[in-house]
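Novice: Build the 3D model from these lines:
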Amino acid sequence: MKILGTGLTGLVGSRVTELLSSAYEFEFINLENGINILNKKSVFDAISLSKAPIVIHMAAKTNVDRCELDRQRDKEILNFSNFSQKEEAWVNEQTAWAVNVFGTQNIVEACQAFNKKIIYISTDFVFNGQKKSYTEDDTPSPINWYGKTKFEGEKLVQTSGLDWVIVRPAYPYRALFERNDLVRVLIAKLKKQEELNMITDHIMVPTFIDDIANALDVLIQRQEKGIFHIVGSQAITPYNLAIKIAKEFNLDSLLISKTTRREYFAGKAPRPFCLNLKNDKINNLGAEMLSVDAGLREVKNQIEKIQI
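Specialist: Got it, this is the predicted structure:
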């Protein structure tokens with residue numbers, strides 16, 4: 001089966017295509033192929049020419065603080081009376097709304113025009129973090145601009161009339177990639193004997209990217225529809241994550257000190273307190289989602305195999 005996708009060269013997407021390349025033939029919507037998701041015509045041309053029945057939309061502006069800086073400008077652009085002026089501004093400035101909403105709208109409309117199923121990769125940041133845990137039935141209420149724009153993307157998908165899947169991953173990590181994730185940043189800093197100031201009052205669910213690939217395969221093979229939390233099986237604070245990393249990789253845990261969200265993110269975009277997404281729904285379909293401990297062991301094993 002062919003699958004057409006955006007963001008397939010990124011942190012998550014590149015590993016998904018690597019692990020699932022024997023099962024699917026992936027086609028890429030990206031700038032390297034001359035396709036900008038902010039250019040409606042190029043998106044329509046790419047999707048019209050593809051025989052892939054499924055489009056995976058991963059491309060997004062994900063830096064939370066940079067997205068927050070776009071908030072005011074995005075609101076100004078949204079107030080433009082002329083849509084062509086909005087479009088021109090979004091294409092030129094590539095703000096959070098431009099990429100995460102306008103770009104998604106282009107993908108959705110092209111999928112509608114050519115009858116494609118869409119798998120939309122969202123985020124745990126659509127929630128406000130005020131509950132102890134979240135299932136797929138909980139109503140999003142984002143507290144920062146990144147979460148807001150991703151939730152707007154979700155709504156475009158849900159109201160599209162298409163066959164759709166929304167996937168919410170969280171804090172993805174892997175063994176190797178040109179761009180660092182949270183786990184590999186912490187490993188690298190501890191190896192350099194750098195001190196870490198880690199948050200104790202934020203709950204997250206780190207997710208091993210290989211599990212995301214496997215879960216997507218399950219969803220595709222079973223022709224599932226709806227929302228799925230594709231996250232790990234262990235909620236943890238950043239501080240405790242760093243402690244576990246130090247232990248697993250035989251690094252110095254005395255370099256790790258404690259801080260709070262208020263102190264660490266002072267002057268930055270607000271972060272939700274508790275993003276404990278539950279993964280029972282995807283687990284019940286047979287997709288195993290590793291705990292932090294098991295995921296770190298697998299990262300270590302993969303790194304060691306490459307170094308041999």
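Novice: Can you get me a residue count around the closest residue to S48 other than its chain neighbours?
Specialist: Nearest non-adjacent residue to S48, counting by Cβ to Cβ, 6 or more residues apart in numbering: F114, 5.4 Å away. (Each C-beta comes from the backbone N, C-alpha and C, glycine too.) By the criterion of other Cβ atoms under 10 Å, F114 has 15 neighbours.
Novice: ok, F114 to W97 distance?
Specialist: For F114, the distance to W97 equals 25 Å [Cβ to Cβ, to the nearest Å].
Novice: Over to D74?
Specialist: Applying Cβ to Cβ to D74 and W97 gives a distance of 4 Å.
Novice: hey, what's in contact with both of these two?
Specialist: Residues touching both D74 and W97 (Cβ atoms under 8 Å, 6 or more residues apart in numbering) are T149.
Novice: how long is stretch 218-238 end to end?
Specialist: 29 Å (Cα to Cα, to the nearest Å).
Novice: Report the distance from it to the chain centre.
Specialist: Distance of stretch 218-238 from its chain centroid, counting by Cα atoms, centre = their mean, to the nearest Å, is 12 Å.
Novice: looking just at contacts, which helices and strands does the one helix or strand I220 maps to meet?
Specialist: Assigned by DSSP states H and E, I220 belongs to helix 209-221. Helix 209-221 is packed against helix 11-20, strand 117-121, strand 164-168, strand 172-173, helix 280-283, with contacts defined by 3 or more Cβ pairs under 8 Å, 6 or more residues apart in numbering; DSSP states H and E.
Novice: Show me what the second one pairs with in its sheet, parallel or antiparallel.
Specialist: Going back to what we said before, that points to strand 117-121. The pairing partners recorded for strand 117-121 under DSSP bridges are strand 54-57 (parallel), strand 164-168 (parallel).
Novice: Dump that strand to CSV, keeping only the CA atoms.
Specialist: Coordinates of each C-alpha in strand 117-121 appear next as CSV, following Å, rounded to 0.1, in the frame of the first residue of the first chain:
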residue,chain,number,x,y,z
LYS,A,117,-8.2,9.0,4.4
ILE,A,118,-6.3,11.3,6.7
ILE,A,119,-4.2,10.5,9.7
TYR,A,120,-3.5,13.7,11.6
ILE,A,121,-0.6,13.8,14.1
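Novice: Tell me what angle it forms with helix 209-221.
Specialist: With axes from the mean of the first three to the mean of the last three Cα atoms, to 10 degrees defining the directions, strand 117-121 sits at 160 degrees from helix 209-221.
Novice: what does the third one give?
Specialist: Compare the direction of strand 164-168 with that of helix 209-221 by the same axes, to 10 degrees and you get 160 degrees.
Novice: Give me the buried positions along the longest helix seen in the chain.
Specialist: Counting residues, the longest helix in the chain under DSSP state H turns out to be helix 292-307. Buried positions in helix 292-307, judged by neighbour count with 16 or more other Cβ atoms under 10 Å: V292, A294, G295, L296, E298, V299, K300.
Novice: Could you pull out the helices in the stretch 1-150 of the chain for me?
Specialist: 11-20, 40-49, 64-69, 71-78, 83-93, 96-97, 103-113, 145-158 (DSSP state H, counting those that start in this stretch).
Novice: contact partners of the shortest one?
Specialist: What that stands for is helix 96-97. Residues outside helix 96-97 that contact it (Cβ under 8 Å, 6+ apart) are 61, 66-67, 70-71, 74, 77-78, 90, 145-146, 149, 152.
Novice: just to revisit the earlier point, out of the helices of the stretch 1-150 of the chain, which comes closest to N240?
Specialist: Comparison of the helices of the stretch 1-150 of the chain against N240 by Cβ to Cβ identifies helix 64-69 as nearest, at 21.1 Å.
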